[in-house]
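**Q** generate coordinates for the sequence data below:
(one chain, ligands or ions: 1)
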Amino acid sequence: MKAVVTGGAGFIGSHLVKGLLEGGAIVHVIDNLSSGIREHVAPGAVLHTEDVRSAEAKQIIASVKPEVVYHLAARADVQQSILAPAFDASVNITGTINILDACKTACVNKIIFASTSGVYGNLEKERITERDPAIPISFYGLSKLTAESYIHMYSQLYCLSYTILRYGNVYGPGQTAKGEGGVIANFMERTINNLPLYINGDGEQTRDFIYVRDVVRANLAAAHHADQETIHVSTGKSTSVNRIVELLRDMHTAEIDLHYRPAQSGDIKHSCLSNQKARTSLQWESAVSIEQGIAETYRSWLQSQ
Ligand code: NAD
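**A** Purely as a prediction, here's the structure:
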């Protein structure tokens with residue numbers, strides 16, 4: 001199989017590129033390295049340092065003619081989207097339209113899109129399903145939801161197949177302390193350097209933390225399953241930020257200095273996504289527990305020091 005991965009130098013994209021190469025795929029990456037890291041792109045892949053909004057990105061897809069385009073490139077930061085909504089929209093919406101147009105021209109079979117639990121905003125529900133209303137409370141959530149709508153429309157007009165994957169909070173080795181799912185990376189970096197940890201709010205806010213290896217497996221499964229579907233990639237379990245600190249305390253030998261500060265605007269209090277549909281449509285389920293994932297991530301941070 002031939003695949004293009006936009007955002008393939010980023011945290012999740014670089015793991016996906018490795019997974020695709022291990023499966024024998026020919027992989028091209030389009031990434032402008034705005035937050036991605038050149039060295040994180042596995043040597044077997046071809047890196048094109050281009051912006052997803054550019055004519056060059058379109059040209060690459062036209063000449064590679066991949067079967068599948070994994071579209072992960074994005075401005076993946078809630079707080080930055082609040083500060084700079086036009087830039088967020090430009091990358092996340094206009095960039096997606098450009099990639100969709102390229103898929104149409106190059107007769108790509110399928111686009112697999114990285115969306116987010118952020119599309120649901122502050123929906124008060126113990127476990128959100130894909131049928132629940134998506135009412136974002138940040139420009140980031142809104143730009144991802146709008147990009148999803150463009151994917152639906154392109155699919156209807158041009159017979160382009162798609163799977164939209166709405167991830168929970170992804171974490172794992174190689175994540176930097178910025179961006180959407182950054183709380184675990186932030187805590188890891190500060191813990192290893194014996195710096196204080198700052199929790200926004202009371203720490204009882206919960207997230208559905210999903211390990212990056214599980215997210216890669218879901219993306220690989222989507223190449224063959226779940227056409228024209230929107231699916232959660234999640235554990236279906238809530239973990240509080242305080243629980244993450246507890247797990248770190250169990251592993252770290254030195255005392256952790258913990259401080260609480262006011263919650264940030266646009267932050268969601270609770271988020272947990274049902275993964276029932278993923279089990280049936282995608283034939284995928286999460287395999288890594290939060291305890292195992294945090295331990296692996298902690299070890300990888302120690303090794304990288
Ligand atoms: P990341 O910032 O590590 O990766 C994004 C990549 O996109 C980077 O390599 C960056 O250089 C590239 N990029 C950004 N703007 C670009 C542009 N204009 N042109 C070309 N490349 C560009 O973020 P990530 O955590 O790996 O997220 C990957 C995708 O998954 C994003 O679409 C994000 O919205 C989505 N997502 C992430 C999480 C999470 O918890 N990390 C949760 C839900 C959804």
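
**Q** mind jotting down where the helices sit in the protein?
**A** 11-22, 55-64, 78-83, 85-89, 95-105, 139-158, 183-192, 212-222, 241-251, 276-277, 290-304 (DSSP state H).

**Q** make TSV from those and add distance to Leu165 and mean neighbour count to it.
**A** To be clear about C-beta, it is placed using only N, CA and C from the backbone, and glycine gets the same treatment. Shown next, in TSV, are the helices of the chain (distance: least, Cβ to Cβ, whole Å; neighbours: other Cβ atoms under 10 Å):
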stretch	distance to Leu165	mean neighbour count
helix 11-22	10	23
helix 55-64	20	17
helix 78-83	18	18
helix 85-89	20	16
helix 95-105	14	22
helix 139-158	11	19
helix 183-192	20	20
helix 212-222	6	23
helix 241-251	23	16
helix 276-277	11	16
helix 290-304	18	16
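
**Q** would you reformat these as a markdown table and include mean pLDDT and distance to Tyr171?
**A** Listed next are those as a markdown table, based on pLDDT from 0 to 100; distance: least, Cβ to Cβ, whole Å:
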| stretch | mean pLDDT | distance to Tyr171 |
| --- | --- | --- |
| helix 11-22 | 98 | 9 |
| helix 55-64 | 98 | 28 |
| helix 78-83 | 92 | 16 |
| helix 85-89 | 98 | 22 |
| helix 95-105 | 98 | 24 |
| helix 139-158 | 97 | 18 |
| helix 183-192 | 94 | 4 |
| helix 212-222 | 98 | 7 |
| helix 241-251 | 96 | 9 |
| helix 276-277 | 98 | 22 |
| helix 290-304 | 95 | 6 |
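
**Q** looking at those helices, which is closest to the ligand?
**A** helix 11-22 (3.5 Å; Cβ to the nearest ligand atom).

**Q** CA atoms only for that closest one, dumped as PDB, please.
**A** Taking Å, rounded to 0.1, in the frame of the first residue of the first chain, the C-alpha atoms of helix 11-22 are listed here in PDB:
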ATOM      1  CA  PHE A  11       3.800  13.000  17.900                       C
ATOM      2  CA  ILE A  12       1.000  10.700  16.700                       C
ATOM      3  CA  GLY A  13       2.000  11.000  13.000                       C
ATOM      4  CA  SER A  14       5.500   9.800  13.600                       C
ATOM      5  CA  HIS A  15       4.300   6.700  15.400                       C
ATOM      6  CA  LEU A  16       1.800   6.100  12.600                       C
ATOM      7  CA  VAL A  17       4.600   6.300  10.000                       C
ATOM      8  CA  LYS A  18       6.600   3.600  11.800                       C
ATOM      9  CA  GLY A  19       3.500   1.400  12.100                       C
ATOM     10  CA  LEU A  20       2.800   1.800   8.300                       C
ATOM     11  CA  LEU A  21       6.400   1.000   7.400                       C
ATOM     12  CA  GLU A  22       6.400  -2.100   9.600                       C
END
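
**Q** is it anywhere near the ligand?
**A** Yes - residues of helix 11-22 contacting the ligand under Cβ under 6 Å from any ligand atom: 11-13.
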